[in-house]
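1. After the sequence you'll find the predicted model.
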Amino acid sequence: MPRPVKWKKVCCLPETNLFGPLNAKNLEDNIITMSVEEYESIRLIDLEGMLQEECAESMNVARTTVQRIYNDARKKLADALVNGYVLKIEGGNYKLCEEGQETIGCGRCRKGRFKEAR
């Protein structure tokens with residue numbers, strides 16, 4: 001019996017989920033799909049400046065899991081940029097964090113900043 005899939009905690013979904021070259025001819029042929037948890041790892045580590053340990057705590061998974069997710073995300077991002085492919089963010093095994101939860105990642109994402117601006 002396979003091990004059950006563990007849901008990764010994600011603070012917020014991206015506002016835009018499709019990125020690519022403006023001069024793309026065949027959008028359907030060259031699409032790279034990045035999961036929502038891969039997007040979250042890029043957001044937390046590269047944009048927010050978290051360490052992998054902090055990212056793992058925020059996403060409620062092991063550091064080695066974050067390392068794998070992050071490496072996969074960086075490879076997909078590089079492939080899309082270098083080869084001019086469309087990057088689509090969708091799917092994955094994630095749950096959005098609850099508003100009001102006090103965790104490392106919550107309050108640092110757009111959802112938290114938007115709430116503070118009110």
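-> Now that the structure is in, tell me what you want to look at. Numbers count the residues shown, from 1 in each chain.

2. longest helix anywhere in the chain?
-> Scanning the chain for the longest helix, with DSSP state H as the assignment, gives helix 63-83.

3. if you average pLDDT over that helix, what comes out?
-> For helix 63-83, the mean per-residue pLDDT is 96.

4. Go through it and flag the buried ones.
-> Residues of helix 63-83 classed as buried: Thr65, Val66, Ile69, Tyr70, Ala73, Lys76, Leu77, Ala80 (neighbour count, 16 or more other CB atoms under 10 Å). (Glycine included, C-beta is placed from N, CA and C.)

5. cool, stretch 46-58 as well?
-> Glu48, Met50, Gln52, Glu54, Cys55, Ala56, Glu57, Ser58.

6. Touching, the third one and Arg68? I think so.
-> Spelled out, that is Gln52. No: using CB atoms under 8 Å, Gln52 makes no contact with Arg68, being 10.5 Å away.

7. Which of the three states applies to Gly91?
-> Here Gly91 is coil, with the state taken from DSSP: H, G, I helix; E, B strand; the rest coil.

8. What residues does the residue nearest in space to the middle of the chain make contact with?
-> Central residue of the chain (CA atoms, centre = their mean): Tyr39, 1.7 Å from the mean position. Contact analysis of Tyr39 by CB atoms under 8 Å, 6 or more residues apart in numbering lists Pro14, Ala73, Ile89.

9. same thing with Met59?
-> Taking CB under 8 Å, 6+ apart as the definition, contacts of Met59 comprise Lys8, Lys9, Val10, Glu37, Glu40, Ser41, Leu44, Val66, Gly105.

10. least confident pick among the residues you listed?
-> Within the contacts of Met59, lowest confidence goes to Gly105 (44).

11. all helices of the protein, in order?
-> Using DSSP H, helices in the chain cover 36-42, 52-59, 63-83, 110-117.
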